[in-house]
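# This is the structure alone, sequence omitted:
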């Protein structure tokens, strides 16, 4: 998600150069008309910090260089004050501008590297999860392919009849097209989950996204004899999110719930949506009837590398929290009585669900 500007004007990039020029001009004027003993040029640091936040590296270097040049020019144009004191102040200002630009650029580069590492880790986690779901995915893809073959053979038989039954052959052809679209949609969803691409926020129908995600786990649910149900609230507002990342969170919570109920007598998992969180929020919850959170350190459950699974890495929930919080939401876990756990997360609501999502 993009940063929110700390000034409304800075949210409009077209005004940023003009704002920087005006601010630098004001500092230059003040530095020139005041005595040399007053180090007004130090305030160029503010210009550099603003440019670091909103401009690329090369432009930041240009801004810092311009500020240093204005500092030197102002020193030679100022007539009032002590020359030795002014020389010292000029040197201090130049060092402050240069050091600020260097450190700010280093910090920005480190932050960008951290975001890139987080995105790469999330991508690896998605691919790992899909690897674990290979059997389920193959089953889901095999169903429409098998149906296409059956309907294709049926169409050939209807056409080979004497006389040919064009009506039934046409219906078989329609079913072939429908099943081909099912297979195509599944492949598109898998490609979206595995693709390493930049974040793109779109308006998302939460209930539809959950329905799409469930197609990836149907075989897993059946193989483990889990009772999976959904309670999806009607007329939910849409949310503006990266659909691949949010689907990753939902998929991770569902897989955790399926694992939690494995080996239990009651194997119930429920996926719920509601608009009953804080005002302006949509809440998605996954509830299971598993072993619960006994022995779990609740304050660490979303920390990286903390896990209660013998073969777990402890990254799924940590990445899920990072994704949710980057979208302006929150995630939490709560125990259920007499047993079980509910993992919930919220997302800021957008426009009404009747709005067509952006393409």
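Everything's here; your move. Only a predicted model underlies this, so the values are computations on that prediction, with no experimental measurement involved.
# all contacts plus neighbour counts: C-alpha atoms, from now on.
Will do.
# Where does the residue sitting furthest away from the middle of the chain fall, secondary structure wise?
In the chain, the residue that sits farthest from the middle, by C-alpha atoms, centre = their mean, is residue 162; the gap is 59.0 Å. For residue 162, there is no host helix or strand (DSSP states H and E).
# and if you look at residue 177?
helix 166-194.
# Distance check, residue 327 against residue 237.
As judged by C-alpha to C-alpha, to the nearest Å, residue 327 and residue 237 stand 16 Å apart.
# repeat for residue 159
Look at residue 159 and residue 237: by C-alpha to C-alpha, they are 49 Å apart.
# quick one: the strands in the stretch 101-250 of the chain?
202-204, 227-232, 239-241 (DSSP state E, counting those that start in this stretch).
# can you put these in TSV and add distance to residue 112?
As requested, the strands of the stretch 101-250 of the chain are exported to TSV (distance: least, C-alpha to C-alpha, whole Å):
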stretch	distance to residue 112
strand 202-204	23
strand 227-232	37
strand 239-241	20
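# quick one, which of those strands is packed in tightest?
Neighbour counts averaged per stretch over the strands of the stretch 101-250 of the chain are highest for strand 239-241, at a mean of 23; criterion: mean count of other C-alpha atoms under 10 Å.
# what residues does that one touch?
200-206, 282, 327, 347-351 (C-alpha atoms under 8 Å, 6 or more residues apart in numbering).
# Direction included, what does it pair up with?
strand 202-204 (antiparallel) (DSSP bridges).
# helices or strands up against the helix holding residue 177?
Here helix 166-194 touches helix 83-132, helix 134-160, helix 243-261, going by 3 or more C-alpha pairs under 8 Å, 6 or more residues apart in numbering; DSSP states H and E.
# again, only this time at 7 Å
Secondary-structure packing of helix 166-194 (3 or more C-alpha pairs under 7 Å, 6 or more residues apart in numbering; DSSP states H and E): helix 83-132, helix 134-160.
# what domains does the record give for this protein?
8-124, 133-194, 202-348 (automatic domain parsing).
# Would you work out how far apart the start and end of the longest one are?
What that stands for is domain 202-348. Domain 202-348 has its terminal residues 13 Å apart, counting by C-alpha to C-alpha.
# Please name whichever of the strands of the stretch 101-250 of the chain is nearest to residue 263.
Proximity to residue 263 (C-alpha to C-alpha) singles out strand 227-232 among the strands of the stretch 101-250 of the chain, at 13.3 Å.
# Can you work out which other helices and strands pack against the closest one?
strand 268-274.
# Direction included, what does the strand it packs on pair up with?
Strand 268-274 is paired, per DSSP bridges, with strand 227-232 (parallel), strand 281-288 (antiparallel).
# Return the set of buried residues in that strand.
By neighbour count on 16 or more other C-alpha atoms under 10 Å, the buried set for strand 268-274 is 268, 269, 270, 271, 272, 273, 274.
# Other residues contacting stretch 61-76?
Residues from elsewhere that reach stretch 61-76 (C-alpha atoms under 7 Å, 6 or more residues apart in numbering): 28, 31, 32, 41, 44, 48, 90, 94, 97, 98, 101.
# what's the average pLDDT for it?
For stretch 61-76, mean pLDDT rounds to 89.
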